[in-house]
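# Sequence first, predicted coordinates after that:
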Amino acid sequence: MPDRSDQLGRFLSDIGWSDAKRVLIAGDASNRKYERLTRGPETRVLMDASPEKGEDVRPFVSITQYLRKAGLSAPEIFAQDDARGFLLIEDLGDDLFARVIKDDRTLEAPLYEAAIDVLVHLHAAPVPELPRYDAAVMTDVACLAFDWYQRGAVGSVDAGARAGFSSAMQEALAGLDATDPVLIQRDYHAENLIWLPDRVGPERVGLLDYQDAMLGHPAYDLVSVLQDARRDVSPDLARQMVDRYLTATAHDAGAFEKACALLGVQRNLRILGVFARLSLAYGKPSYVDLVPRVWNHLDKGLDHPAATTIAPLVRGHLPAPTKPILNSLKQQCNTIPLPS
């Protein structure tokens with residue numbers, strides 16, 4: 001089997017970038033790696049997504065083409081090797097929303113307004129052919145909170161509680177499937193958005209990490225960016241952004257608010273399970289530090305009347321992330337294998 005570094009060297013040689021200076025700029029919760037390549041005044045970003053680690057660049061390429069055709073700032077793709085999992089893409093810079101806001105808090109509202117305007121623009125575009133993120137799929141991934149967080153926190157999965165939750169969650173979400181779907185990026189938050197102030201309109205927001213896009217409810221990415229696992233968004237700002245979206249679209253406010261609550265519960269349960277799994281199975285304990293914020297989002301969502309049937313099933317069986325539980329999730333790092 002060819003060495004990965006040899007494959008990468010051949011890719012860079014074939015596209016004329018073998019002499020570039022290479023600096024690792026990011027990894028993420030997946031097995032993808034990113035490097036910035038510099039050659040004279042030019043820079044590019046290399047995506048290294050090995051198929052042998054379960055990665056596939058083709059969804060990223062397809063969604064990139066769709067987003068760019070829709071007039072949004074997904075990075076241009078300059079070269080690709082689908083079989084080996086390499087892409088050379090446009091370097092959109094380092095001005096992630098989270099960093100820009102940290103340096104200048106006065107930009108927080110304008111940047112979030114721009115992020116909402118991207119969603120308004122995107123949701124007006126014709127939808128591509130993609131799988132549906134419907135009630136059944138959303139329920140399945142919400143159950144990760146039982147499969148991994150409950151397992152790591154209390155030592156086992158309560159199969160009966162999981163089954164009862166699954167039934168109630170799917171029933172609660174089922175009504176959302178009737179809403180016309182839009183493309184949802186599914187990881188739309190302040191560390192995946194890049195500020196490009198020299199561009200115009202929705203193009204001022206650079207987009208990243210959307211390869212898992214599906215068709216889903218219009219509230220999903222709105223919830224994603226406002227209930228961020230990595231930074232706090234004030235209730236006042238969140239309220240302003242929901243109102244901004246509703247003013248620009250034709251959604252019924254009451255139905256949309258209910259959808260936001262249910263999707264927030266679903267999304268935060270999924271993230272709770274994913275972050276626990278990243279520590280327990282993948283040896284990435286730093287994600288455990290984000291669990292308290294995710295739990296806080298979840299707890300608030302469970303207070304909404306739309307979550308009446310779900311709340312007791314979650315609160316009765318998933319323990320709050322106390323310090324001993326968080327420590328336990330870290331101490332069990334990389335000790336529980338993925339199901340075969």
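Now that the structure is in, tell me what you want to look at.
# how about the helices in the stretch 51-200 of the chain?
Here the stretch 51-200 of the chain has its helices, by DSSP state H, counting those that start in this stretch, at 58-69, 97-103, 108-123, 135-142, 144, 151-154, 159-173.
# With distance to K300, mean neighbour count and mean pLDDT as new columns, can these be given to me in TSV?
(Glycine included, C-beta is placed from N, CA and C.) Listed next are the helices of the stretch 51-200 of the chain as TSV, based on distance: least, CB to CB, whole Å; neighbours: other CB atoms under 10 Å; pLDDT from 0 to 100:
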stretch	distance to K300	mean neighbour count	mean pLDDT
helix 58-69	31	18	97
helix 97-103	21	17	98
helix 108-123	19	20	98
helix 135-142	16	19	98
helix 144	20	19	98
helix 151-154	20	21	97
helix 159-173	16	17	98
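# Extract the C-alpha trace of the helix or strand of the chain with the lowest mean pLDDT and format it as CSV.
None of the helices or strands of the chain scores lower by mean pLDDT, DSSP states H and E than strand 21-27, at a mean of 86. Presented in CSV, the C-alpha positions along strand 21-27 are these (Å, rounded to 0.1, in the frame of the first residue of the first chain):
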residue,chain,number,x,y,z
LYS,A,21,6.0,25.9,1.9
ARG,A,22,3.5,23.8,3.9
VAL,A,23,2.1,24.7,7.3
LEU,A,24,-0.6,22.7,9.2
ILE,A,25,-3.5,25.0,9.9
ALA,A,26,-6.3,22.8,11.2
GLY,A,27,-7.7,19.4,11.9
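# re the thing from before, out of the helices of the stretch 51-200 of the chain, which gets nearest to T322?
Set against T322 and scored by CB to CB, those come closest in helix 151-154, at 9.0 Å.
# Now do the buried residues in the lengthiest helix in the chain.
The longest helix of the chain (DSSP state H) is helix 253-280. By 16 or more other CB atoms under 10 Å, the buried positions in helix 253-280 come out as 256-280.
# Report the contact partners of R267.
For R267, the contacting residues are Y220, V223, S224, Q227, by CB atoms under 8 Å, 6 or more residues apart in numbering.
# Rounded mean pLDDT for stretch 203-210, please.
The average pLDDT for stretch 203-210 rounds to 97.
# Kindly report the same for stretch 226-242.
Stretch 226-242 carries an average pLDDT of 98.
# distance between it and the chain's centre?
Distance, stretch centre to chain centre, for stretch 226-242: 15 Å (CA atoms, centre = their mean, to the nearest Å).
# all strands for the stretch 201-340 of the chain, in order.
For the stretch 201-340 of the chain, strands defined by DSSP state E, counting those that start in this stretch occupy the ranges 205-207, 214-216.
# export those to CSV and tack on distance to A174?
CSV is the format used below for the strands of the stretch 201-340 of the chain (distance: least, CB to CB, whole Å):
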stretch, distance to A174
strand 205-207, 30
strand 214-216, 14
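# ranking these by burial, who's on top?
Mean neighbours per residue, mean count of other CB atoms under 10 Å, is largest over the strands of the stretch 201-340 of the chain for strand 205-207, with a mean of 23.
# Show me what that one is packed up against.
If you count contacts as 3 or more CB pairs under 8 Å, 6 or more residues apart in numbering; DSSP states H and E, strand 205-207 packs onto helix 108-123, strand 193-195.
# 10 Å instead, please
helix 58-69, helix 108-123, strand 193-195 (3 or more CB pairs under 10 Å, 6 or more residues apart in numbering; DSSP states H and E).
# In CSV: these, plus distance to F78.
Shown next, in CSV, are the helices and strands packed on strand 205-207 (distance: least, CB to CB, whole Å):
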stretch, distance to F78
helix 58-69, 11
helix 108-123, 23
strand 193-195, 18
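# Ok, which of those comes nearest L338?
Nearest of the helices and strands packed on strand 205-207 to L338, taken as CB to CB: helix 58-69 at 21.1 Å.
# and the angle from that closest one to helix 108-123?
100 degrees (axes from the mean of the first three to the mean of the last three CA atoms, to 10 degrees).
# what residues does helix 58-69 touch?
32, 47, 49, 57, 72-77, 80, 82-83, 85, 87, 89-90, 118, 122, 125-130, 183, 185, 203, 207-214 (CB atoms under 10 Å, 6 or more residues apart in numbering).
# let's see 8 Å
By CB under 8 Å, 6+ apart, the residues outside helix 58-69 that reach it are 47, 49, 74-77, 80, 82, 87, 89, 122, 128, 183, 185, 207, 210-213.
# List only those of those residues flagged as buried.
In these, burial by neighbour count holds for 47, 49, 74-75, 77, 80, 87, 89, 122, 183, 185, 207, 210-211, 213, counting by 16+ other CB under 10 Å.
# just the residues you listed now: which is nearest P292?
Set against P292, the nearest of the buried ones among the contacts of helix 58-69 by CB to CB is Q185 (25.0 Å).
# what residues are up against that closest one?
Q185 makes contacts with I63, N192, L207, D209, Y210, D212, A213, D221, S224, as judged by CB under 8 Å, 6+ apart.
# Try it again at 7 Å.
Neighbouring residues of Q185 by CB atoms under 7 Å, 6 or more residues apart in numbering: Y210, A213, D221.
# what's the answer for G273, then?
G273 neighbours (CB under 7 Å, 6+ apart): L144, A145, D147, W148, Y149.
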